[in-house]
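In: this is a predicted model, with the sequence first.
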Amino acid sequence: AAPEAVYAAAADAPLPAPLAPSTLPAPEAPSAIPLPNVLMSRAGELATWAGLMGAATLTHAPFERIAPLVVSIVLGLGLGFMGTFFAVAMQDQPGGGSGPAPKERPIADSEKEDLSVRVNALAAEAGLPAPKKLSTVETDVLNAQAGPEEVRVYGGVLDLPRPQQDAILRHEIAHVRHNDSVWTAVTYMIAALPPSIALTAGIVSDWRAAVALPLAVASLWMIGRSKKRAELHADHYAASTQGTGRHLSDAFREMARRDEADKPAPPKNRLGAAWRGAGAAWKRVASLWGSHPPHEARIARLQRLER
């Protein structure tokens, strides 16, 4: 089936009433892994953003003209809003990366009903109301997403062993519990302020606008760092509530195996090799503001949590 037809197969599964946490399978052992301290992490992020904005504001010293500073704040918030809108739009796109087109993976009604029960139970365990919407996407993509009102599960997840499925669902519920979508929106709104404030300092003095470049790089790095921390916190929550990080690690290993299998064949000439090398270099740079840490890093962190 064509990708468009495959993605058109996304269906909404009706959610039954939330189940009590007691209906969940008990953890394999009493968890020795504490829950992540998300508030402390975000306080550190806010302190860093405050430092960046303070450095940018100082480029307007001695503040003889306030208008450029006001304009820069309005401009920064406008750019931040656009960035937030773009990020949300990209999140709504089907997963699958740049590899081969995904294959159709039909999802039976019984699987949808079972998934609804499990998602509701995990939400209740986390102290959350049942999601208003549960979407299933009938492809073999190994992916899941969660927002304030929706959990989306791709068919590839349902091909994993049951404990790995539960680990991924716990990870997604953690994103809702930690309000990660709201925090990401706040991060994007803040991120454009430091470079835009410094850029308008060119009205005060030409050389001061040059500070905008390193501040823009720092803002991009902070966006990536914030999103990666959100993923690691969700991993941490899944391991803590499941009693082990082993199942989530196994799911990441399967993702890494698929990524490796989807890699194109080695180039046959120097030009192709150079192009491939340039693409790999760009991916390393882009990973600075990417949303997910490498699978290997996430597995290593889960292993450290259990020591």
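Out: Ah, there it is. Because the structure is a prediction, the values reported are computed rather than measured. Numbers count the residues shown, from 1 in each chain.
In: report the contact partners of Val211.
Out: Residues in contact with Val211, defined by C-beta atoms under 8 Å, 6 or more residues apart in numbering, are 55-56, 59, 198, 201. No exception for glycine: its C-beta is placed from N, CA and C like everyone else's.
In: and if we set it to 6 Å?
Out: Neighbouring residues of Val211 by C-beta atoms under 6 Å, 6 or more residues apart in numbering: 59, 198.
In: also Ile190?
Out: By C-beta under 6 Å, 6+ apart, Ile190 lies in contact with Trp49.
In: confidence score at it?
Out: Ile190 carries a pLDDT value of 88.
In: now do stretch 175-183: distance to the chain's middle.
Out: Centroid separation between stretch 175-183 and its chain, computed with C-alpha atoms, centre = their mean, to the nearest Å, is 10 Å.
In: mind checking how far the closest residue to Lys228 other than its chain neighbours is from Pro214?
Out: Once flanking residues are discounted, Lys228 sits nearest to Pro293: 4.9 Å by C-beta to C-beta, 6 or more residues apart in numbering. As for Pro293, its distance to Pro214 is 24 Å (criterion: C-beta to C-beta, to the nearest Å).
In: those two - which one has more neighbours?
Out: Pro293 (20 against 14; other C-beta atoms under 10 Å).
In: phi, psi for that one please.
Out: Here is the backbone geometry of Pro293 (degrees, to the nearest 10): phi -70, psi 160.
In: kindly report the same for the one 5 residues further on.
Out: Reported as degrees, to the nearest 10, the phi and psi values for Arg298 are phi -70, psi -40.
In: who touches Arg42 in this structure?
Out: By C-beta under 6 Å, 6+ apart, Arg42 has no neighbours at all.
In: and for Val153?
Out: Contacts for Val153 (C-beta under 6 Å, 6+ apart) come out as 136, 144.
In: 8 Å - rerun?
Out: Counting by C-beta under 8 Å, 6+ apart, Val153 touches 115, 134-137, 144, 169.
In: ok, those residues vs Leu35, which is closest?
Out: Within the contacts of Val153, distances to Leu35 taken as C-beta to C-beta reach their minimum at Leu169, with 16.9 Å.
In: the closest one and His175: what is the separation?
Out: According to C-beta to C-beta, Leu169 stands 11 Å off from His175.
In: do the same with Ala238
Out: Applying C-beta to C-beta to Ala238 and His175 gives a distance of 10 Å.
In: so what secondary structure elements neighbour the helix ranked longest in the chain?
Out: Across the chain, the longest stretch assigned as helix under DSSP state H is helix 212-242. Using 3 or more C-beta pairs under 8 Å, 6 or more residues apart in numbering; DSSP states H and E as the contact test, the elements touching helix 212-242 are helix 38-58, helix 162-177, helix 180-191, helix 193-199, helix 246-261, helix 295-305.
In: what's around Ser240, how many residues?
Out: 20.
In: what's it in contact with, if anything?
Out: By C-beta under 8 Å, 6+ apart, the contact set of Ser240 is 31, 33-36, 305.
In: select only the buried ones of those in ChimeraX?
Out: To isolate in ChimeraX the members of the contacts of Ser240 that are buried, counting by 16 or more other C-beta atoms under 10 Å, one can use:
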select :33,36,305
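In: of the contacts of Ser240, which belong to helices?
Out: Using DSSP H, the contacts of Ser240 in helices are Leu305.
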